[in-house]
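S.K.: below are the sequence and a predicted model; questions follow.
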Amino acid sequence: MTNADILRIRADFPALNQDVNGKPLVYLDNGATTQKPQVVIDALAHYYAYDNSNVHRGAHTLSDRATQAFEGARVTLQQFLNAKKSEEIVWTRGTTESINLVASTWGRQNLTAGDEILVTGMEHHSNIVPWQMLCEQTGSKLRPIPVKENGELDMDAFATMLSDKVKLVSVVHVSNALGTINPVETIIKMAHEVGAKVLVDGAQAVSHWNVDVQALGVDFYAFSGHKLFGPTGIGVLYGKEDLLNAMPPYQGGGEMIAHCSFEKTTYNVLPYKFEAGTPNIAGAIGLAAAIDYLNTLDRVALAKHEDSLLLKANELAEQLGDIRRIGTAAKKASVFSFLLANAHPGDVGTLLDQQGIAVRTGHHCAMPLMDQYAIPGTVRASFSFYNTLDDVERLFTGLEKAKMFLL
Ligand code: PMP
């Protein structure tokens, strides 16, 4: 990928082309949410301008069009994840709701007192709290797999924690706070050997490379559209068909029933059983537009470009000094999490913002991990493929200024 290639791709994202606080925007908060290409914005506008209608039940042309676009989007997602069937793709509001869905349905049905759920010590709160709530209800136990100082998972410890008490292993594919890429293939194999199911939180993975759920053999895979260049308020839960079929419904309401009477209500088939109420039609269509757009790009080459951005950040950090990197795993996505000497991350973030540089600061919804490092939080620059080497240089010029001011 040449710089010219990246600049061409970058031009597809209107939000990147603006001044913030008098400087050209450098957007390095992609872990929080990604910017949207014009084609996604156009797909949303087109839907609302011409096809807006409720799906599935309408006896008119607009409803047919909306239904076709909405169900077509499901097929796009199925192909994107290489799921066997489109019925295995359940629309949710995002990663958080996908995990809560599994906890509330599969979890309540399959866990009892004495059972164990394993997560990692680097989870986002959305892959901790739903399991804690489930454990309170069922008497099961939540156990964190330890994280080593460099941000890698302690796989030896994981091996010793596995037993037939473990019913679920729920792990983050890529840590949002550290960038660590976890060895989910190995984790899934090891968990399956003791009969446990595996949920992977893919919120931070899908924006970097294509995930193949069949090749992984994963039982549940969750992610959010807004971190994948799509709209907010739409997400996906992939689940293996037999598991989803055996699970009770999540919420009750319209669309999820086969027949409703006061005597007995029966439930709809997959995936509608889990989709009560009017869904986020525009969101699904917008997310499919994002995936169609990604399919026009060379994602392997773009992932290499992202690696080169991280490499550059590491080099410039060496030159700048006074940087403590948090998370130095051998396999990392393009997340640069750090502390600038003893400066508070929030102060560093404010000084960068004044220079038009957007980063995230704080605990990144991973408080247990921050506690492990005994820090209140970090400054996190998370790169996407539309970032340039120039963006990385601007970050470090900004940090140089912050350093003069704060240290
Ligand atoms: N898991 C991870 C690893 C995340 O980074 C995030 C978002 N920061 C979530 C889960 C939650 O995603 P959402 O808020 O879109 O539901």
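M.R.: Sure thing, it's come through.
S.K.: list the helices and strands whichever strand or helix holds Pro144 packs on?
M.R.: Using DSSP states H and E, Pro144 maps to strand 141-145. Where contact means 3 or more Cβ pairs under 8 Å, 6 or more residues apart in numbering; DSSP states H and E, strand 141-145 is packed against strand 116-120, helix 129-138, helix 155-161. Every C-beta, even on glycine, is put in place using the N, C-alpha and C of the backbone.
S.K.: buried residues, it. List them.
M.R.: Lys141, Leu142, Pro144, Ile145 (16 or more other Cβ atoms under 10 Å).
S.K.: quickly list what the last one is bridged to.
M.R.: Spelled out, that is Ile145. For Ile145, the beta-bridge partners are Thr120 (DSSP bridges).
S.K.: how far away is it from the ligand?
M.R.: 15 Å (Cβ to the nearest ligand atom, to the nearest Å).
S.K.: check contacts around that residue.
M.R.: By Cβ atoms under 8 Å, 6 or more residues apart in numbering, the contact set of Ile145 is Leu118, Val119, Thr120, Gly121, Leu153, Asp154, Ala157, Phe158, Met161, Val171.
S.K.: how near is the closest residue to Lys36 other than its chain neighbours to the ligand?
M.R.: The shortest distance from Lys36 to any non-neighbouring residue, by Cβ to Cβ, 6 or more residues apart in numbering, is to Phe229 (6.0 Å). Counting by Cβ to the nearest ligand atom, the gap from Phe229 to the ligand is 13 Å.
S.K.: and for Gly398?
M.R.: Gly398 is 23 Å from the ligand, by Cβ to the nearest ligand atom.
S.K.: helix, strand or coil for the residue of the stretch 251-400 of the chain found nearest the ligand?
M.R.: Closest to the ligand within the stretch 251-400 of the chain is Cys365: 5.9 Å, counting by Cβ to the nearest ligand atom. Secondary structure for Cys365, judged by DSSP: H, G, I helix; E, B strand; the rest coil, is coil.
S.K.: does it touch Glu123 like I think?
M.R.: No - using Cβ atoms under 8 Å, Cys365 is not in contact with Glu123, being 9.1 Å away.
S.K.: near the ligand, which residues of the chain?
M.R.: Along the chain, the residues adjacent to the ligand under the rule Cβ under 6 Å from any ligand atom are 94-96, 124, 126-127, 172, 176, 201, 203-204, 224, 365.
S.K.: quick one: the helices and strands packed on strand 141-145 as TSV, columns for mean neighbour count and mean pLDDT too.
M.R.: Formatted as TSV, these follow (neighbours: other Cβ atoms under 10 Å; pLDDT from 0 to 100):
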stretch	mean neighbour count	mean pLDDT
strand 116-120	24	98
helix 129-138	18	98
helix 155-161	14	98
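S.K.: just put the residues of the chain next to the ligand in CSV and tack on secondary structure.
M.R.: Below are these laid out as CSV (three-state DSSP):
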residue, secondary structure
Gly94, coil
Thr95, helix
Thr96, helix
His124, coil
Ser126, helix
Asn127, helix
Val172, strand
Asn176, coil
Asp201, strand
Ala203, coil
Gln204, coil
Ser224, strand
Cys365, coil
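S.K.: how about the helices in the stretch 251-400 of the chain?
M.R.: 281-294, 299-320, 345-353, 367-373, 389-406 (DSSP state H, counting those that start in this stretch).
S.K.: list the contacts of stretch 248-255.
M.R.: 56, 101, 104-105, 108-109, 256, 267-268, 272-279.
S.K.: apply 10 Å and report the result again.
M.R.: 54-57, 90, 92, 97, 100-102, 104-106, 108-109, 237, 256-257, 260, 265, 267-268, 272-279 (Cβ atoms under 10 Å, 6 or more residues apart in numbering).
S.K.: swap in stretch 346-355?
M.R.: With Cβ under 10 Å, 6+ apart, stretch 346-355 has contacts from 20-23, 26, 28-29, 338-341, 343-344, 357-362, 376-381, 394-395, 397-399, 401-406.
S.K.: report the buried residues of it.
M.R.: Buried, per 16+ other Cβ under 10 Å, within stretch 346-355: Val348, Gly349, Leu351, Leu352, Asp353, Gln354, Gln355.
S.K.: if I look at the fifth one, what pLDDT would I see?
M.R.: As summarised for this prediction, Asp353 has a pLDDT of 98.
S.K.: could you number the chain from 29 rather than 1 from now on?
M.R.: With 29 as the first residue, the last one maps to Asp381.
S.K.: circling back to that earlier point, would you mind checking the contacts of stretch 374-383 for buried ones?
M.R.: Judged by 16+ other Cβ under 10 Å, buried ones among the contacts of stretch 374-383: 54, 56-57, 366-368, 371, 385-390, 405-409, 422-423, 426-427, 430-431, 434.
S.K.: among these, which are in strands?
M.R.: Judged by DSSP state E, the subset of the buried ones among the contacts of stretch 374-383 located in strands is 54, 366-368, 385-386, 388-390, 406-409.
S.K.: one step back: can you put the buried residues of stretch 374-383 in CSV and add distance to Gln279?
M.R.: As requested, the buried residues of stretch 374-383 are arranged in CSV below (distance: Cβ to Cβ, whole Å):
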residue, distance to Gln279
Val376, 42
Gly377, 37
Leu379, 44
Leu380, 41
Asp381, 39
Gln382, 44
Gln383, 45
